[in-house]
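>>> here is a sequence with its predicted model. Questions after.
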Amino acid sequence: MNSPPAQVVPMSYSLSSSPDQLEVPWFARPPVYSDDDFEMYPNEPLNLIIKKPKNTLTIKEPKIPSDPRRWSRADVCTWVEWTCLSHNLPLPSLDRFLMNGKAVCLMNAGMFSARVPLGGKMLYKDFQIRLAKAINSQKVI
């Protein structure tokens, strides 16, 4: 079987280049610096701390029971609203959290993420921290 003939790709040459030298595109050339150029990164360490603007309103933590197992439906909705607002997340539909604190205790991280795609994991972690504090603060008799 005969193979098809090889395709010949024409090369373009500039007037200044010779056939022995290929022209390197501008983005592949090494950078050329002049004496007027300055160092991009100074020798001093960069300040990587992000400062919050002073004009933002601080949202006070709601007055709900410290033990999430004692939360009512209204307490759960208040906690969801406050947590999302304090972390600058969009508010989810509160219809997704029409349950008391004991029902929220039965939810896993996937259930939180299904109800709140953006911020579900954060809500889950915040709830677990509150629950752990409440459990550990109980006095053992």
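That came in fine, so what should we check first?
>>> what is the burial count for Gly120?
19 (other CB atoms under 10 Å). For every residue, glycine as well, the C-beta is placed using N, CA and C.
>>> pretty sure it is touching Phe97, no?
No - Gly120 is beyond contact range of Phe97, at 11.2 Å (criterion: CB atoms under 8 Å).
>>> how about stretch 77-93 as PDB, C-alpha atoms only?
Provided in PDB are the C-alpha atoms of stretch 77-93 (Å, rounded to 0.1, in the frame of the first residue of the first chain):
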ATOM      1  CA  CYS A  77     -33.700  29.700  61.000                       C
ATOM      2  CA  THR A  78     -32.200  32.500  63.000                       C
ATOM      3  CA  TRP A  79     -28.900  30.700  63.300                       C
ATOM      4  CA  VAL A  80     -28.800  29.900  59.500                       C
ATOM      5  CA  GLU A  81     -29.500  33.600  58.700                       C
ATOM      6  CA  TRP A  82     -26.900  34.900  61.100                       C
ATOM      7  CA  THR A  83     -24.200  32.400  60.100                       C
ATOM      8  CA  CYS A  84     -24.700  33.100  56.400                       C
ATOM      9  CA  LEU A  85     -24.700  36.900  56.900                       C
ATOM     10  CA  SER A  86     -21.700  36.900  59.100                       C
ATOM     11  CA  HIS A  87     -19.700  35.000  56.500                       C
ATOM     12  CA  ASN A  88     -21.000  37.100  53.600                       C
ATOM     13  CA  LEU A  89     -22.800  34.100  52.000                       C
ATOM     14  CA  PRO A  90     -26.100  34.400  50.200                       C
ATOM     15  CA  LEU A  91     -29.100  33.500  52.300                       C
ATOM     16  CA  PRO A  92     -30.600  30.200  51.500                       C
ATOM     17  CA  SER A  93     -34.400  29.500  51.400                       C
END
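>>> could you give the mean pLDDT of that stretch?
Averaging pLDDT along stretch 77-93 gives 93.
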